[in-house]
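Peer 1: My questions concern the predicted model and sequence given below.
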Amino acid sequence: MTKLSVNLNKVALLRNQRDVGYPGVVEHAKFILEAGGQGLTVHPRPDERHIRRTDVADIEEFLKTWDDKSIEFNIEGYPSDDFIALVTKHDCHQVTLVPDDPNQRTSDHGWDIPKHHDRLKSVIEQLHAANRRVSVFVDPDPAMAQAAHDIGADRIELYTGPYAENEIDVSVYAETAQAALALGVEINAGHDLSLDNLTAFIKAIPECAEVSIGHAITADALRFGWDKAVKLYLNSINAGLKN
C-alpha cells in the first residue's frame, strides 16, 4: 500500500507572508489527517522561508496526541550539522536527505551518491543510531539504487519532476525502482506529482511505499478543501494499485 504524505511547506509559506500566525501548520495537519492523510512531510530550510524549526517541534507534539500512531512524520533537508541536530532532537519516523543548495527555490535534482559517498554514509550511520529510517533523494537511474544500498540507505525517494514534465518516461523510474527493490531498498517518490500523473506512476511502480506531495495537493485544497483534496489523491493512488 502506498502511503500519502502531505508536504506542509506551502501552508507555512502562506502563513509567513503576514505576521498574523495563520494559516496554522498544525491546524492544517489536523485537517489533512482527518481526511485520511497517512503522513506529514516538512522541509525546513536554513532561512526558514516556509517551515520553521518551531513547526517541527509543534508537529512532533501534535502527533503525540493523535490517536492513529501509524501516521508518519518525514523531515527532508540537506544534511548540514544543524539539520542533523534538528532531526535527532525531534521525534520523526523518516529523514529524507536532499542535495539542495540553501538558495534553491525547490529541489530540482537528486544526489550523485558516489561523489558524496563518505559524507552520506557517515550521516546515515548517525541517523540509524538515532533510530531514524533514512531515504535518499535520487534521480531515476538504476546505478543510484546500488549506490544507495552501498551507503546503507533504507529507501530512495525518486525525484519525479522530470516525469511530471514528460521529460523522462515512467519506465525509467520503474527500472530504477526494481533495481532498488532487488537490493532490499524501498521506494518513495515525490516532486510535482499531481492528480494528472499520480495514478499512472503508481500503476508503473505499485511497490512505492510513499508519495510526498505538497504543491499540487495544496493548490487542489484551495479549490476543494482539504477533505476532498486528500480523498482525491487517495483515490488516485488506489486506482493505480488496482490496475
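Peer 2: Arrived safely.

Peer 1: Okay, now the unreliable bits of the protein?
Peer 2: Scanning the chain for pLDDT under 70 picks out 101-108, 243.

Peer 1: which residue is nearest the middle of it?
Peer 2: S212 (4.0 Å; CA atoms, centre = their mean).

Peer 1: Please settle this for me: is that residue part of a strand?
Peer 2: Yes. Note on S212: a strand contains this position according to DSSP: H, G, I helix; E, B strand; the rest coil.

Peer 1: OK, contacts around it?
Peer 2: S212 sits next to S5, V6, N7, G39, T41, N74, E76, T96, E157, N188, A189, G190 when contact means CB atoms under 8 Å, 6 or more residues apart in numbering. For every residue, glycine as well, the C-beta is placed using N, CA and C.

Peer 1: Kindly report the same for D150.
Peer 2: Taking CB under 8 Å, 6+ apart, one finds I113, H117, K121 in contact with D150.

Peer 1: could you pull out the helices for the protein?
Peer 2: With helices called from DSSP state H, the chain shows them at 9-15, 25-34, 53-65, 81-89, 117-129, 142-150, 161-164, 170-182, 198-204, 215-224, 226-242.

Peer 1: CA atoms of stretch 230-238 as CSV?
Peer 2: C-alpha atoms of stretch 230-238 as CSV (Å, rounded to 0.1, in the frame of the first residue of the first chain):
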residue,chain,number,x,y,z
VAL,A,230,-6.9,14.3,0.2
LYS,A,231,-9.6,11.9,-0.8
LEU,A,232,-9.0,12.6,-4.5
TYR,A,233,-5.3,11.8,-4.1
LEU,A,234,-6.0,8.6,-2.1
ASN,A,235,-8.4,7.6,-4.9
SER,A,236,-5.7,8.2,-7.5
ILE,A,237,-3.3,6.0,-5.6
ASN,A,238,-5.8,3.3,-5.2
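
Peer 1: neighbouring contacts of it?
Peer 2: Here stretch 230-238 makes contact (CB under 8 Å, 6+ apart) with 2, 4, 6, 32, 35-37, 195, 198-199, 202, 211, 213, 217, 220-221, 224.

Peer 1: Any buried residues in it, and which?
Peer 2: V230, L232, Y233, L234, S236, I237 (16 or more other CB atoms under 10 Å).

Peer 1: Ok, stretch 126-136 next?
Peer 2: L127, R132, R133, V134, S135, V136.

Peer 1: which residue sits closest to the last one in space, ignoring its chain neighbours?
Peer 2: Take V136 and drop its neighbours on the chain: the residue closest to it by CB to CB, 6 or more residues apart in numbering is A153, 4.5 Å away.

Peer 1: Wait, the one you found touches R133, no?
Peer 2: No. The pair A153 / R133 is not scored as a contact, 9.4 Å apart, by CB atoms under 8 Å.

Peer 1: Now do the shared contacts for these two.
Peer 2: Common neighbours of A153 and R133 are not found (criterion: CB under 8 Å, 6+ apart).

Peer 1: Buried residues of stretch 196-208, list them for me.
Peer 2: Within stretch 196-208, the residues that count as buried by 16+ other CB under 10 Å are N197, L198, T199, F201, I202, A204, I205, P206, C208.
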